[in-house]
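[1] I would like to see how this sequence folds:
(4 chains)
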There are 2 protein chains.
Amino acid sequence: MKNLARTPNDIGHAIRQARKAKKLTQKELAERSGVWQETISKVENGLSGTKLETVFDIFAALDLEILVQGRSKGSAESFEDIF
Amino acid sequence: MKNLARTPNDIGHAIRQARKAKKLTQKELAERSGVWQETISKVENGLSGTKLETVFDIFAALDLEILVQGRSKGSAESFEDIF
DNA sequence: TATATTTATGCGCCATAGATCATAATCAAT
DNA sequence: ATTGATTATGATCTATGGCGCATAAATATA
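    Numbers count the residues shown, from 1 in each chain, chains lettered A, B, ... in the order given. A predicted model of the protein is given here:
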């Protein structure tokens, strides 16, 4: 699973997708990540003010990591179309 | 340039590295990103509560994006050693 | 070494994230 | 349609990020 992200909304989508892929409810993810279910809901819906730490706590619980890279030119649009 | 990130600190390092690669001062990056120089200093130093939006504003100014992926097992340690 | 430039940090203010709780709204199963 | 499960949202409270300013501290340059 790879999701390109350039906005908090993209991050939210990636998290939701990964969570569903693992067949977890937000509550279960909450328990694993130490973040409240209510908070996870907001993050998944793209809350722009979300704290970086919160995102990484969730990522850890979903066994995700991120790769920071230069923007891929040209392929970015088509890449986003896939997801 | 690719940096694996699992913590706010990793993100800060990636940002600083990219900024230096482009030979920008924090002030110049601040002007480009619309984020205050003082804030950039904190972000680069791994402020855990950094807002996601702030990170993406900086990324946009540095022409960076992120790829959310499953954790690479085994290779993670050696990968981090490189950066 | 002296000077210039860049980065880090203190301060006050305001908006808000996250916690915590409750529950309305939505979705899924029957 | 009804019931159960899941997600979204409102309310309150505390801590804090980012702004905006100033400037100390660190780094770079001459």
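
[2] list the pairing partners of the host helix or strand of A:Ile66 within its sheet, with orientation.
    Under the criterion DSSP states H and E, the helix or strand holding A:Ile66 is strand A:64-70. Taking DSSP bridges as the criterion, strand A:64-70 sits next to strand B:2-5 (antiparallel), strand B:64-70 (antiparallel) in its sheet.

[3] can you list those strands in a markdown table and add distance to DNA strand C?
    In this view, the C-beta of every residue, glycine as well, is placed from N, C-alpha and C. Formatted as a markdown table, the strands paired with strand A:64-70 follow (distance: least, Cβ to the nearest atom of the strand, whole Å):
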| stretch | distance to DNA strand C |
| --- | --- |
| strand B:2-5 | 17 |
| strand B:64-70 | 17 |
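
[4] got a pLDDT number for the residue nearest the centre of chain A?
    When chain A is reduced to its mean C-alpha position, the closest residue under Cα atoms, centre = their mean turns out to be A:Ile15, at 2.9 Å. According to the predicted model, the pLDDT of A:Ile15 comes to 97.

[5] doesn't it belong to a strand?
    No. Residue state for A:Ile15 (DSSP: H, G, I helix; E, B strand; the rest coil) corresponds to helix; a strand is not indicated.
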